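**Q** Can you look at this prediction? I've put the sequence above it.
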Amino acid sequence: MDIEYLLLLQNFRNSIGGSLDTFMSMISKLSVGVIPVIFMCIVYWVFDKKAGNFFVFNFAGTSFVNGLIKLTACVYRPWIRDARVIPAGDAKVAATGYSLPSGHTTCATSVYGTAAIWQWKKRRAISIAFLVLLALTMFSRNYLGVHTPQDVIVAFVMTAGVICFNVFLINWIDKDRRREVLVFFIGIAIVVAALIFYNVKTYPMDYVDGNLIVDPIKMMPDSYKSSGWLLGFVIGWFVERRFIGFKTEGSPRKRLIIAIIALIPLYIIYTYTLPALTPLIGKANADFVAGFSLYIYITIPVPFVLKKLGQ
């Protein structure tokens, strides 16, 4: 049934000559990459530390759970399951890792969903716009032929569940700061356990005409990257709360200037760390280091500078 739905959308794409392909691809790509990271950083560094911290926490946590499920379930992509499915344009290139759950939907639900919650009482129209973006992103993954409906639905439900859990966790920590230490060590232990699990579990090794259909090694980098994100966040979050404690009070003008300057190294880390390290330590390990470095940068040195110069 899921493949038939994708084929129905594919026939529709073909019937209109692919006129919506570029738009759907743009919507899909908007939810991932450096733009959501920049958005979260500006909120965190400049306008609302509490909301920004929630953004970053949700993005790291949901991406980690997404990667864990991907490497546990090992669900093949639609075009591997059925050769009749032909993804639109270059969508197949960006469709890395296993299929379930959808990574783009996870990122979109995390960023757009959190933004909608953040602005719901203050700017309802903006919240609705974010929800529309979320719905379009979810549909675009089916329209482009790179995810089944269940990939998208599971990603949405999983991400919403993690966000709800994060609300509880943050409130629980704020009631007793001694709980920070417990969460710090548990967070590190979870990431270490996941990395061990990724390396010791068995993966499907299906062959067609003597060729391996999906190489598990090529499916690991995304999950390693999200593990680096979560580890970097846990360490950075703890260090910032315990030893830095910057605030987003008063006029944001000076903080905004510092943040704009800080985005330059952030972009460099995001863009060049992975290709520089891949030849040296392999793609999965490079993804882990790149993700870890990015979140350490977001949560420690920039808040430290903001503390010293921005307040």
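**A** Here it is on my side, so go on.
**Q** for stretch 210-217, which positions count as buried?
**A** Of the residues in stretch 210-217, those buried by neighbour count under the rule 16 or more other CB atoms under 10 Å are V214, P216. In short, each C-beta sits where N, CA and C put it, glycine included.
**Q** Output it as PDB, restricted to C-alpha atoms.
**A** Extracted C-alpha coordinates of stretch 210-217, given in PDB (Å, rounded to 0.1, in the frame of the first residue of the first chain):
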ATOM      1  CA  GLY A 210      26.300 -11.200  -6.000                       C
ATOM      2  CA  ASN A 211      26.200  -7.500  -5.100                       C
ATOM      3  CA  LEU A 212      25.400  -6.200  -1.700                       C
ATOM      4  CA  ILE A 213      22.200  -4.200  -1.900                       C
ATOM      5  CA  VAL A 214      22.900  -1.900   1.000                       C
ATOM      6  CA  ASP A 215      26.300  -1.500   2.700                       C
ATOM      7  CA  PRO A 216      25.700  -1.000   6.500                       C
ATOM      8  CA  ILE A 217      28.900   1.000   6.800                       C
END
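**Q** just how off-centre is that stretch within its chain?
**A** Centroid displacement of stretch 210-217 relative to its chain, using CA atoms, centre = their mean, to the nearest Å, is 26 Å.
**Q** Mind checking the pLDDT average for it?
**A** If you average the pLDDT over stretch 210-217, you get 92.
**Q** Give me the helices and strands touching the helix or strand of the chain with the lowest mean pLDDT, please.
**A** Lowest mean confidence among the helices and strands of the chain (mean pLDDT, DSSP states H and E): helix 91-94, at a mean of 84. Using 3 or more CB pairs under 8 Å, 6 or more residues apart in numbering; DSSP states H and E as the contact test, the elements touching helix 91-94 are helix 21-30.
**Q** just to revisit the earlier point, now do the least confident helix or strand of the chain: everything it contacts.
**A** The set of residues that contact helix 91-94 without belonging to it, under CB atoms under 8 Å, 6 or more residues apart in numbering, is S25, S28, K29, V32, W79, L144, G145, V146.
**Q** Look up the closest residue to the second one, ignoring the ones flanking it.
**A** Using CB to CB, 6 or more residues apart in numbering and skipping residues adjacent in sequence, the residue nearest S28 is S140, 4.3 Å away.
**Q** Let me know whether that neighbour touches S25 as I believe.
**A** Yes: the criterion here is CB atoms under 8 Å, and S140 meets it with S25 at 7.5 Å.
**Q** hang on, the earlier thing: which two from the contacts of helix 91-94 end up farthest apart in space?
**A** Set against one another by CB to CB, the contacts of helix 91-94 have their most distant pair in V32 and W79, with a gap of 19.8 Å.
**Q** Sweet, I'm off.
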